[in-house]
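*Asks:* Make a model of this:
(chains A and B)
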Amino acid sequence: MINRPKGTNDIYGEEIEYWQSFEKAARKVAGVFGFQEIRTPIFEMAELFIRSVGDETDIVQKEMYTFEDKAHRLLCLRPEGTAPVVRSFIENNMASDGLPKQVYYMGPMFRYERPQAGRQRQFHQFGAELIGSSSPLADAEMIWMSIFLLEELRLHRYTLQVNMLGCQNDREAYKAALKEHYRDKLDAICPDCRRRYETNALRLLDCKVEGCQTIKEGAPILTDFLCPECQNHKRQVSQILAQYNIDATWNPRLVRGLDYYTGIVFEVKYPFKETVFDLLGGGRYDQVIEQLGGSATPSVGFACGIERMVATMREEKAIEEPASLCQVFVLSIGEEAKRESLKITDFLRKRGISVQHDLMGRNIRNQLKYADKQRALYTIIIGEDELDKGVYLVKEMDTGDQIEVESFWVENYILEKLAAL
RNA sequence: GUGGUUAUAGCUCAGCGGGUAGAGCGUCUGACUGUGGAUCAGAAUGUCGUGGGUUCAAAUCCCACUAGCCACCCCA
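*Replies:* This is a model prediction of the structure:
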């Protein structure tokens, strides 16, 4: 017996219905905002992520599925979606199509880590990238789209957090001040924080260890280090969001795990059972395209975890019941009846009706049981009596009523009935 | 990578003072010889997660491994 690899999942049956419902909504929202789908490879050169996501990040340090191919190229399964899109943007010279370039993607991502609630090794993301605009309108557009998606999915209990990380100068100045604040307190903070102090000072703000909280409280605030330009940008984003009636909480301590974020970043949190999911996150990444060898092009994007979305949708009962698996079941008894049933099945299927017939050689009773289990709306019953009389029985499953219909008319009768629903 | 916890039928679980498996649900069949959803009856399906140890004897006790779940780290 071979089991699926750790941290992976089979998605089928009822579960897949919910996924498809999400995907449909996501595509709709993307379309409404003028985004076109892009499909990039599932594996890329490992270098792509090391250079964009950042070699200090956990993703690169310990979570990448890297492997060598037979020509000794160092490849990896993609851990996130933005870098491949940027790579493709540059490689295919999409800038020449005119800017902004607006694309969305949906598919599996891979990170080697311990699975738990809302976290798998193979997980799925829906994401969108708006490439080419530095305007606050572009930041607001992506936040708007995120919220639009949540609303479309009828998930209303979200909280949106936004932060302005500032430009490079602002961040350097802030980081210096932050380190200054922590310098004489290194003995008092947790080991993780001591490490962060050296490698990525901004993430000191992420620490949840109790002993570090008071020190964090007294730390300088990023907002105070923003240059006039960044302050202005932040103000404009805030105004535009207000105009869209989007309720955003500005959190100066919000920092994100990927190194490439600059300027505006945002996250959506959502209560899920005992915990809180980070449903979705995004932000501006103005330097990435240049870092990857393109010409400097400002960009914003976001991504959401589909597993978490689907779990939340189910928890909120925000999805309709999956549709019935067949609209019509054609029941037959005997060989001649079977031949007739195949004709009707074919006719109806060619008109887009979902039809099933007996493939198991079951008796009438068990065929009806099966039809019921498939949630059929109508069952057409064909037996010897019907063949003799030239009429078939049409049974409406939820009422149990059945009437005789002239055999030549039965398909049209069904079409009329279904059209009237 | 660290810590906690669990693993018995397709699913949910009982059996754990050792004596080679059971319930409910589901599936299939029948009662109803041509009528589903209700009821009743019957049937099928298990290397009791894997490997080792203790023992005359292990689902049960011990150890290791693997996997699930949960938390930390981090993230979607």
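*Asks:* So what's the residue count around A:Leu149?
*Replies:* Neighbour count for A:Leu149, taken as other CB atoms under 10 Å: 26. Where C-beta positions appear, they are placed from N, C-alpha and C, glycine not excepted.
*Asks:* in what helix or strand does it lie?
*Replies:* helix A:136-152 (DSSP states H and E).
*Asks:* what comes up buried for the next helix-or-strand element following that helix?
*Replies:* From helix A:136-152 onward toward the C-terminus, using DSSP H and E, the following helix or strand is strand A:159-164. Buried residues in strand A:159-164, counted by 16 or more other CB atoms under 10 Å: A:160-164.
*Asks:* And stretch A:36-56, by the same measure?
*Replies:* Applying a neighbour-count criterion of 16+ other CB under 10 Å, one finds A:38, A:40, A:43-44, A:46, A:48-54 buried in stretch A:36-56.
*Asks:* quick one: which of the buried residues of strand A:159-164 is nearest A:Glu267?
*Replies:* Nearest to A:Glu267 among these is A:Gln161, at 5.1 Å by CB to CB.
*Asks:* so what's the closest residue to that closest one other than its chain neighbours scoring on pLDDT?
*Replies:* Closest residue to A:Gln161 apart from its sequence neighbours, by CB to CB, 6 or more residues apart in numbering: A:Asn251 at 4.5 Å. Per-residue pLDDT puts A:Asn251 at 91.
*Asks:* what about A:Asn251, neighbour count?
*Replies:* A:Asn251 has 17 neighbours, counted by other CB under 10 Å.
*Asks:* Up against RNA strand B, what does the stretch 1-150 of chain A have?
*Replies:* Residues of the stretch 1-150 of chain A lying close to RNA strand B by CB under 7 Å from any atom of the strand are A:1, A:3, A:6-8, A:57-59, A:80, A:111, A:113-120, A:123, A:125.
*Asks:* Narrow those to those that are buried.
*Replies:* The neighbour count (16+ other CB under 10 Å) marks A:7, A:57, A:59, A:80, A:111, A:118, A:120, A:123, A:125 as buried among these.
*Asks:* Check the gap between the residue in chain A positioned nearest to RNA strand B and A:Pro79 for me.
*Replies:* For chain A, the residue closest to RNA strand B is A:Gly257, as judged by CB to the nearest atom of the strand, at 1.0 Å. Using CB to CB, to the nearest Å, A:Gly257 is found at 11 Å from A:Pro79.
*Asks:* Also A:Val29?
*Replies:* Remark: distance between A:Val29 and A:Pro79 (CB to CB) = 24 Å.
*Asks:* ditto for A:Ser96
*Replies:* For A:Ser96, the distance to A:Pro79 equals 29 Å [CB to CB].
*Asks:* same deal with A:Tyr378?
*Replies:* 49 Å.
*Asks:* same question, A:Met109
*Replies:* Distance of A:Met109 to A:Pro79, given as CB to CB: 6 Å.
*Asks:* returning to that earlier point: take the buried ones among the residues of the stretch 1-150 of chain A next to RNA strand B and keep only those in helices.
*Replies:* Under the assignment DSSP state H, those contribute A:Ile59 to helices.
*Asks:* what residues are up against the closest residue to A:Leu377 other than its chain neighbours?
*Replies:* Nearest-residue entry for A:Leu377: A:Gln327, 5.1 Å, with adjacent residues in sequence omitted and distances by CB to CB, 6+ apart. Contacts of A:Gln327 were listed using CB atoms under 8 Å, 6 or more residues apart in numbering, and they are A:353-355, A:376-378, A:418.
*Asks:* go with 6 Å
*Replies:* A:353-354, A:377 (CB atoms under 6 Å, 6 or more residues apart in numbering).
*Asks:* Which helix or strand contains A:Leu368?
*Replies:* If you go by DSSP H and E, A:Leu368 is part of helix A:364-373.
*Asks:* and what of A:Pro252?
*Replies:* Going by DSSP H and E, A:Pro252 is not part of any helix or strand.
*Asks:* next one: A:Pro108
*Replies:* Assigned by DSSP H and E, A:Pro108 belongs to strand A:101-110.
*Asks:* Out of the residues of the stretch 1-150 of chain A next to RNA strand B, list just those in strands.
*Replies:* When DSSP state E is applied, those are split such that A:123, A:125 fall in strands.
*Asks:* any idea how far the residue nearest to A:Pro136 when sequence neighbours are not counted lies from A:Leu74?
*Replies:* Distance criterion CB to CB, 6+ apart; nearest residue to A:Pro136, sequence neighbours excluded, is A:Gln236 at 3.8 Å. Separation of A:Gln236 from A:Leu74 (CB to CB): 42 Å.
*Asks:* So for these two, which residue has more residues nearby?
*Replies:* A:Gln236 (15 against 12).
*Asks:* what element comes up after the helix or strand encompassing the more buried one heading to the C-terminus?
*Replies:* Assigned by DSSP H and E, A:Gln236 falls within helix A:228-243. Counting by DSSP H and E, the next helix or strand C-terminal to helix A:228-243 is strand A:248-250.
*Asks:* who touches that next one?
*Replies:* The contact list for strand A:248-250 (CB under 6 Å, 6+ apart) reads A:160-162, A:241.
*Asks:* which pair in those spans the largest distance?
*Replies:* A:Gln161 and A:Leu241 (12.1 Å).
*Asks:* Where does the prediction get shaky in the stretch 201-350 of chain A?
*Replies:* Along the stretch 201-350 of chain A, the model assigns pLDDT under 70 to residues A:319-324.
*Asks:* Can you show me the helices along it?
*Replies:* A:210-217, A:228-243, A:288-291, A:306-315, A:335-350 (DSSP state H, counting those that start in this stretch).
*Asks:* What residues of the second one count as buried?
*Replies:* The one in question is helix A:228-243. In terms of neighbour count (16+ other CB under 10 Å), helix A:228-243 has its buried residues at A:230, A:233-234, A:237-238, A:240-241.
*Asks:* ok, these vs A:Phe148, which is closest?
*Replies:* For the buried residues of helix A:228-243, the nearest to A:Phe148 is A:Leu241 (12.4 Å; CB to CB).
*Asks:* So for A:Ser96 and A:Pro79, which sits in the more crowded spot?
*Replies:* Ranked by neighbour count (other CB under 10 Å), A:Ser96 and A:Pro79 place A:Pro79 first, with 24 against 7.
*Asks:* hmm, back to that, go through the contacts of strand A:248-250 and name the one nearest A:Thr223.
*Replies:* Among the contacts of strand A:248-250, A:Val162 lies closest to A:Thr223 (CB to CB), at 11.8 Å.
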